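Undergrad: kindly generate the corresponding structure for this input.
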Amino acid sequence: MSVSVHPAAHVDPGAQLGADVSVGPGTVVGPHVRVGERTRIDSCARLDGWTRIGRDCVVHHGAVLGTPPQDLKYRAGEPSYLTIGDRTVVREYVTANLATEPGATTRIGSDCVLMAYAHVAHNCSIGDRVVIANAVQFAGYVSVEDWVIVGGTTGVHQFVRIGCHAMVGGGSRISQDIAPYVKAAGSPPHNAGINVVGLERRGIPESTRQALDRAYRILFREGLTVAAAVESMRAEYPGVPEVEHFARFAETSVRGLTR
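TA: As a prediction, the model looks like this:
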C-alpha cells in the first residue's frame, strides 16, 4: 500500500495522506489537511485549511475544499475545520469552506454526493446519504439531516434546516425550514406532501408512511397552530419515532416552516 502523488501536484510535507490515496496533476494539498485511506483526488483540486476527508472518497477536478469562509467575522489563520465523511463523492468545482469561529466545524457526512458547482458555506452541517445536485448554494449555518435530496440551482438561506428524507425541487429558493419527510419546491416554495417514493425505497414501512402522511395533514392542512398540531400528532401517534421527530422538528423551528 502506498500513496500516489502525480509529479505535477504539490502536497505540503505537513499533510497526512492515508494508504492508497492518489493525488492528480495540478492539485495542491495544504499542510493541515488529513485524507483517509483509498481516497482519490483528481486533477487541479485544492485542499486547504484544517480539512479532514474520510476513507474511499472521490474529489473531482477543480474542487476547492477548506478555504477561508466568505464571512467578514473570520480571522485569517485561526484554526477552524471542514470535515467530510467516508465514501462521499465531490464533483467538479464544488466549494466547501471552513467554519467561521475558531474550533468550529463545517460538516459533510458519509455516502453523500455533491454535484458540480455546489457550494457549502461556513458552519453548515450536512448529514449522511445526502444528494446535493448541480449548483445548489448553501449559505452559512444551514443544517441538512440524513437522506435529503436537494435539486439543482436551489438557494438555501442562512440558518435554514432541512429535515431528514425531505426532497427539495430544483430551482427553489428556500428561506424557511423544510420539515422532515416532505417534498417542497418553488420560489417561494410550497409543500407537496410526504416523500412517499423516497420513504418506500428506503424501507420505511407502510404503516409509518401512513402515520407521517396523517401528521403532515395535521400540521399543514388543518389550520392549527404549530403547538396545537404537535400536540395532536403526539396524541394520535404515541410511540412512533418518525412522527415524534416530525413534531420535534416543527416545534423547534426558529425561521418557521415552509408551507
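Undergrad: can you pull up the most central residue in the protein?
TA: With distances taken as CA atoms, centre = their mean, residue 126 lies nearest the centre of the chain, 2.7 Å away.
Undergrad: now stretch 17-29: mean pLDDT?
TA: Averaged over stretch 17-29, pLDDT sits at 98.
Undergrad: and it, how far out from the chain middle?
TA: In terms of CA atoms, centre = their mean, to the nearest Å, the centre of stretch 17-29 is set 24 Å apart from its chain centre.
Undergrad: one more: stretch 171-188?
TA: With CA atoms, centre = their mean, you get 15 Å for stretch 171-188.
Undergrad: which ones are touching the closest residue to residue 240 other than its chain neighbours?
TA: With CB to CB, 6 or more residues apart in numbering as the criterion, residue 240 has its nearest non-adjacent residue at 5.2 Å, and that residue is residue 211. C-beta here means a position set from N, CA and C on the backbone, and glycine is covered the same way. Listed by CB atoms under 8 Å, 6 or more residues apart in numbering, the contact set of residue 211 reads 237, 240, 242-243.
Undergrad: pLDDT at the residue nearest to the centre of the chain, what is it?
TA: On the pLDDT scale, residue 126 gets 98.
Undergrad: show me what it is bridged to.
TA: Here residue 126 sits in beta bridges with residue 108, residue 144, as judged by DSSP bridges.
Undergrad: please verify my assumption that it contacts residue 111.
TA: No - between residue 126 and residue 111 there is no contact under CB atoms under 8 Å: 11.2 Å.
Undergrad: the residue nearest to residue 240 in helix, strand or coil?
TA: helix (DSSP: H, G, I helix; E, B strand; the rest coil).
Undergrad: so how many other residues sit close to residue 227?
TA: Residues within reach of residue 227, counting by other CB atoms under 10 Å, total 10.
Undergrad: what's the first helix or strand after the strand or helix carrying it?
TA: Applying DSSP states H and E as the criterion places residue 227 in helix 226-236. The helix or strand immediately downstream of helix 226-236 is helix 241-251, counting by DSSP H and E.
Undergrad: what sits against residue 259?
TA: 190-191, 220.
Undergrad: how about these in CSV, adding pLDDT and secondary structure?
TA: Below are those laid out as CSV (pLDDT from 0 to 100; DSSP: H, G, I helix; E, B strand; the rest coil):
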residue, pLDDT, secondary structure
190, 97, strand
191, 98, strand
220, 97, helix
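Undergrad: from those, which is closest to residue 80?
TA: residue 191 (34.9 Å; CB to CB).
Undergrad: just checking, that closest one touches residue 183?
TA: Yes - counting by CB under 8 Å, residue 183 is a contact partner of residue 191 at 6.9 Å.
Undergrad: overlap in contacts, those two.
TA: Joint contacts of residue 191 and residue 183 (CB under 8 Å, 6+ apart) do not exist.
Undergrad: max pairwise distance over the contacts of residue 211: which two?
TA: The most widely separated members of the contacts of residue 211, counting by CB to CB, are 237 and 242 (8.7 Å).
Undergrad: returning to what we had before: what's the angle between the helix holding residue 227 and helix 241-251?
TA: Helix 226-236 and helix 241-251 meet at an angle of 170 degrees, taking axes from the mean of the first three to the mean of the last three CA atoms, to 10 degrees as the criterion.
Undergrad: for helix 226-236, name the packing helices and strands.
TA: Applying 3 or more CB pairs under 8 Å, 6 or more residues apart in numbering; DSSP states H and E, one finds that helix 226-236 contacts helix 206-221, helix 241-251.
Undergrad: I'd like to know which elements the last one is packed against.
TA: What it means is helix 241-251. Helix 241-251 packs on helix 206-221, helix 226-236, going by 3+ CB pairs under 8 Å, 6+ apart.
Undergrad: residues contacting it, please?
TA: Residues contacting helix 241-251 (CB under 8 Å, 6+ apart): 161, 163-164, 177, 179-181, 204, 208, 211-212, 215-216, 219, 226-227, 229-230, 233-234, 237, 257.
Undergrad: make a ChimeraX selection of the buried ones in those residues.
TA: Selecting only the buried entries of the contacts of helix 241-251 in ChimeraX, with 16 or more other CB atoms under 10 Å as the criterion:
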select :161,163,164,177,179,180,181,204,208,211,212,215,216,219,229,230,233,234,237,257
